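[1] Predicted model and sequence follow; I will ask about them next.
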Amino acid sequence: MGKAITNTSKNDNNDETTKKHTTMKNRPTAFQVSQFALFASFVVDLIVCPHSKVEESFQLQATHDLIYHGLPLQRLNPWRTTTEEEEDLPYDHLKYPGVVPRTFTGPLILATLCNGLRMLLLPIIDIALDPMLMQFLSRFCLLTIVATGWIRLARAIHHKVAGTAAESWLLVITACQFHMPFYASRMLPNTFALAVVLHSFAAWVQGKVPQAAAVLVVGATVFRCDLILLLVSVGLTWIFVTKQLSIVKALQIGVLTGILSLVVTVPLDSWLWQRRRLLWPEGEVLYYNTILGKSSNWGTSPWYWYFLSAIPKAMLLTLVLVPLSFVRIVEYLISLENRWLRQGSAASPVMSLHQLLDAQWLEYILPILGFVSMYSFLGHKEMRFIFPAIPILNTAAAIGMARLGKLAFPEKNKKAHWIAKLAFGGGILCGVATLLASLAFVAVSCWNYPGGDALLELTKYIEELPEPPTTSILHVYIDVAAAMSGVSLFGQRAAKVSTPGVEWVFHKSGYEDEHSLESTTEFDQFTHLLSETANVSQNFQVIRTIYGNPKLNLRRFAIDRSPAIFVLERLGWSSDETMPTI
């Protein structure tokens, strides 16, 4: 009898072990599919929308310059006295500095990765001869860095709540949304900061709070100074709520990591910006936006905008899943239904308030809401400013979805309740609806870059001329609207590569007064214009019209567009052998 019991126990243990092995065998498969879905959504958005806008301008142009011009080793000392022969460096940021300086750390990383790939392929092909391919690769490198952060966060969640598939749901939910995949390859300071934040959050979920704090300090010092608000919010939680960090330890991490970060960013950016003084880009951004309050020059929004507009737009219907991570709503409804069926039987008690709430993930959600609340006091608001909040909110949505899945598909010998199945189906519908809406947003967004399309059309037009022009120099003027909507140095270099024998000279308008034209007669010095105005001068004719300004027309299920950028050509330019000197 004892042997029989022992054998039965062994069989039960073997069955349990087999079950665990089967679960572990299936889980990586689901996780791999979710990783592919995330990466595919990132890449599709990059392919559909290959151009960039003004917010990405500095990082994109800086990456181009570092790939094709390298580092200015002849100017290793920015305080040196230069001679006339070496006065001008071929860097876009020195001619078009913008409002505030930004760090070269991100562009240097991307340029290094691209040049490394170029060196590997150089015996076969020189990919640098295709500038648009290099632009794609540089953004692809950024996309990969961001995707790696998401996957690391998902793995951290798996270790915290193994067996729930929450890690897979996180990646699937993120892939279904619009903003995270769309901006994963966008060279914004916010995207570089998001990559850092994802690794910090992964360490946080794993309980490695000192590491999480150090990574956040690096992100705030180098990439986005507004991460200080996030650091304050989560730091207070670590110190006073969860007791995972002491005040002394927090100060040590902040001071030491901050100094090390400054040692990296200050010399690099002082050198490349050639300001003849020590330069901390994010320090200047902090002073400009916060101390001087200049960010409000770009418009203001009400305090509640992030909560009532930005977050709902970022998450769409997946936002519905967030409360399920800390409130057992479905379980409560099931207990109510069971008690009603059994007519108040004591065997089916209704869940108490303590049982209804699950505070496990509130220690992550509440600090994020605190970060958004603090940021709400700044008048100028943009969706990208609260990108650091989305990973934790998506994590909460994933936990909620995993909880629904566990209720809808219980262990063997247990029957799923119809409420659980209905709730799980509703969660799936939320994801599908979010994906469909995101696809519509991508379809609209691809028309937001008429400047980049205009430059491609002009290049194609010159390539297809039946006879080569008499003049071998094209003087192309790019107005502010075109420059802000897709024209890049990669595109300009691609135009030169595509038309051998023709020299392209670009004049780009910008915020700087010296780059603006004072009268319409000055346009006559150019052969071609990329302009948002068709009637610039009577000496020019429109040869291409690029449509933009897209709006989704739900009534007609179509995208309404209007003329955005005109490609103009100076009359008789191809036979004019004498061009004015610019």
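    Cool, got the structure.

[2] all contacts plus neighbour counts: C-alpha atoms, from now on.
    Noted.

[3] Tell me where the stretch 101-250 of the chain is predicted with low confidence.
    Of all residues in the stretch 101-250 of the chain, none has pLDDT under 70.

[4] Show me where it has its strands.
    For the stretch 101-250 of the chain, applying DSSP state E, counting those that start in this stretch gives no strands.

[5] And the chain, by the same measure?
    With DSSP state E, the ranges of strands along the chain come out as 473-478, 503-508, 528-531, 540-553, 558-570.

[6] quick one: the second one to chain centroid distance?
    Averaging C-alpha coordinates over strand 503-508 and over its chain gives two centres that are 31 Å apart (C-alpha atoms, centre = their mean, to the nearest Å).

[7] what's it packed up against?
    Other elements packing on strand 503-508 under the criterion 3 or more C-alpha pairs under 8 Å, 6 or more residues apart in numbering; DSSP states H and E are strand 473-478, helix 489-498.

[8] neighbouring strands for that strand, and are they parallel or not?
    In the sheet, strand 503-508 lines up against strand 473-478 (parallel) (DSSP bridges).

[9] List of residues touching the partner strand?
    With contact meaning C-alpha atoms under 8 Å, 6 or more residues apart in numbering, strand 473-478 is reached by 502-509, 523, 525-531.

[10] now, which of the residues you listed sits nearest Ile559?
    Distance to Ile559 across those (C-alpha to C-alpha) is lowest for Ser531, with 22.7 Å.

[11] Give me the number of neighbouring residues for the closest one.
    Ser531 is flanked by 24 other residues according to other C-alpha atoms under 10 Å.

[12] separation between it and Leu458?
    Relative to Leu458, Ser531 is positioned 12 Å away (C-alpha to C-alpha, to the nearest Å).

[13] residues shared between the contacts of these two?
    Joint contacts of Ser531 and Leu458 (C-alpha under 8 Å, 6+ apart) are Val567.

[14] Buried members of the contacts of strand 473-478 into ChimeraX, please.
    Of the contacts of strand 473-478, the buried ones can be selected in ChimeraX as follows, counting by 16 or more other C-alpha atoms under 10 Å:
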select :502,504,505,506,507,508,509,523,526,527,528,529,530,531
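
[15] ok, the contacts of strand 473-478 vs Val372, which is closest?
    Taking the contacts of strand 473-478 together and measuring to Val372 by C-alpha to C-alpha, the closest member is Ser509, at 35.9 Å.

[16] picking that back up, which of the helices and strands packed on strand 503-508 sits most buried?
    strand 473-478 (a mean of 21; mean count of other C-alpha atoms under 10 Å).

[17] Mean confidence (pLDDT) on that one, please.
    Per-region confidence: strand 473-478 scores 93 on mean pLDDT.

[18] and if you look at stretch 326-344?
    In this model, stretch 326-344 has an average pLDDT of 80.

[19] measure stretch 533-540 end to end?
    11 Å.

[20] Run the chain-centre distance for that stretch.
    Counting by C-alpha atoms, centre = their mean, stretch 533-540 comes out at 38 Å from the chain centroid.

[21] Same check on stretch 459-478?
    36 Å.

[22] can you check stretch 493-507 too?
    So, by C-alpha atoms, centre = their mean, the centroid of stretch 493-507 is 31 Å from its chain's centroid.

[23] Check stretch 482-500 too.
    Stretch 482-500 has its C-alpha centroid displaced from the chain centroid by 23 Å (C-alpha atoms, centre = their mean).
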